[in-house]
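Sequence first, then the predicted structure:
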Amino acid sequence: MSFSLFEHLSFHDSTTLEVKEDTKNQTLDFLLRYPVDWKNYVFEKKILRFIDAIVYIKKEIPFEGLPSIMDIKLLNSPKHTYTFADGVTVSSKYKVEIETNEGSRFIEFNDAELLDI
């Protein structure tokens, strides 16, 4: 799935239970309590995976409870590019801000997917 994931799905009221980084595969996994039926207050655990994640910045204040996602916004600000000593260059296609009730998280990545557990 491409960035259209964020255009077609709402992550509002998802709760972040855990964030895991896989350094070998360059992925960042957010374990979420994702709302599948707001009317009946039904949530399911899902993984929001960022693929080729090269930047992850957390700017949140201490808060009682787990962070809830308010919105995920595509940012058009400059993205990072890194060139290693061996000449390999990596960069990201997308940059998002995940707004939570505790602050914001910023991620630069090349793809994303929402996985069932």
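Received the coordinates, thanks. Numbers count the residues shown, from 1 in each chain.

Let's verify the residue lying farthest from the centre of the chain: helix, strand, or coil?
Outermost residue of the chain with respect to the C-alpha centroid, by C-alpha atoms, centre = their mean, is residue 86; its distance is 29.4 Å. Taking DSSP: H, G, I helix; E, B strand; the rest coil as the rule, one finds residue 86 in the coil state.

Return the distance of it relative to residue 24.
Residue 86 sits 18 Å away from residue 24, going by C-beta to C-beta, to the nearest Å. (Glycine included, C-beta is placed from N, CA and C.)

ranges for the strands of this protein?
Secondary structure of the chain (DSSP state E): strands located at 15-22, 27-37, 42-51, 55-60, 69-74, 81-83, 89-91, 94-100, 103-109, 111-116.

So which of those strands is nearest residue 9?
For residue 9, the closest of the strands of the chain is strand 111-116, at 6.7 Å, according to C-beta to C-beta.

so what secondary structure elements neighbour the closest one?
Counting contacts by 3 or more C-beta pairs under 8 Å, 6 or more residues apart in numbering; DSSP states H and E, strand 111-116 packs against helix 4-8, strand 42-51.

Can I get that strand in PDB? Just the C-alpha atoms.
Below are the C-alpha coordinates for strand 111-116, written out as PDB (Å, rounded to 0.1, in the frame of the first residue of the first chain):
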ATOM      1  CA  ASP A 111       5.900   3.400   2.200                       C
ATOM      2  CA  ALA A 112       3.300   2.400   4.800                       C
ATOM      3  CA  GLU A 113       0.800  -0.300   5.500                       C
ATOM      4  CA  LEU A 114      -1.800  -1.200   8.000                       C
ATOM      5  CA  LEU A 115      -1.600  -4.900   9.100                       C
ATOM      6  CA  ASP A 116      -4.000  -7.100  10.900                       C
END
